[in-house]
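In: return atomic coordinates for the entry below.
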Amino acid sequence: MEYKRFKNALLARIDKGEEIHEQLKIIARKEDVLLANVNALGAVGEFSVGLFDPREKKYYSNDFTGDFEIVSLTGTISTMNGEYYAHLHMSAANKDAQVFGGHLSRAVVSATCELVLFVINGEVDRVFSEGIGLNLLSF
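Out: Numbering: from 1, shown residues only. Coordinates of the predicted model:
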């Protein structure tokens, strides 16, 4: 992975075999990013995405392996208890243009991933909501 900072934006190239969440965390920690918007595209060979069921307060995950193009990867970086916290969603398409997506747990790059972080000056922490069952932004 390589990246470059441009004032409040960072552009990264995540390389084949690297996991997107892991590389994003490395960048955020090196650059002291506490709050940011994340956008990316590229190709992955394996990924896990899921759906949160609010009635059961449980995530359902789906794992995919093969050749997939990232149609959209978007999310936020914030903090929880003062520590790094990323919330990402991804959609990816196979060769038949079938798209699968949801809350991103894991994605391993198969060719390249171009990721942009738009850093927001400030900090917003998260707090766990018993009623919803998720870690929510706390203003």
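
In: next up, the contacts around Gly50.
Out: Contact partners of Gly50, counting by Cβ atoms under 8 Å, 6 or more residues apart in numbering, are Tyr59, Tyr60, Ser61, Asn62, Gly102, His103, Ser105. C-beta coordinates here come from the backbone N, C-alpha and C atoms, glycine included.

In: beta partners for the closest residue to the third one other than its chain neighbours?
Out: Sequence neighbours aside, Gly50 is the residue nearest to Ser61 in space, at 3.9 Å (criterion: Cβ to Cβ, 6 or more residues apart in numbering). Beta-bridge pairing for Gly50 (DSSP bridges): Ser61, His103.

In: sorry, back to before: filter the contacts of Gly50 down to the buried ones, PyMOL style.
Out: Here is the PyMOL command that picks out the buried ones among these, judged by 16 or more other Cβ atoms under 10 Å:
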select buried, resi 102+103+105
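
In: contacts for stretch 93-108, please.
Out: With Cβ under 8 Å, 6+ apart as the test, stretch 93-108 has contacts from 17-21, 44-52, 59, 61-62, 64, 66-73, 75, 87-92.

In: try 7 Å
Out: Applying Cβ atoms under 7 Å, 6 or more residues apart in numbering, the contact partners of stretch 93-108 are 17, 19-21, 44-52, 59, 61-62, 64, 66-69, 71, 88-92.

In: can you flag the buried ones in those?
Out: So, by 16+ other Cβ under 10 Å, the buried ones in the contacts of stretch 93-108 are 19-20, 44-45, 47-50, 64, 68-69, 88-92.
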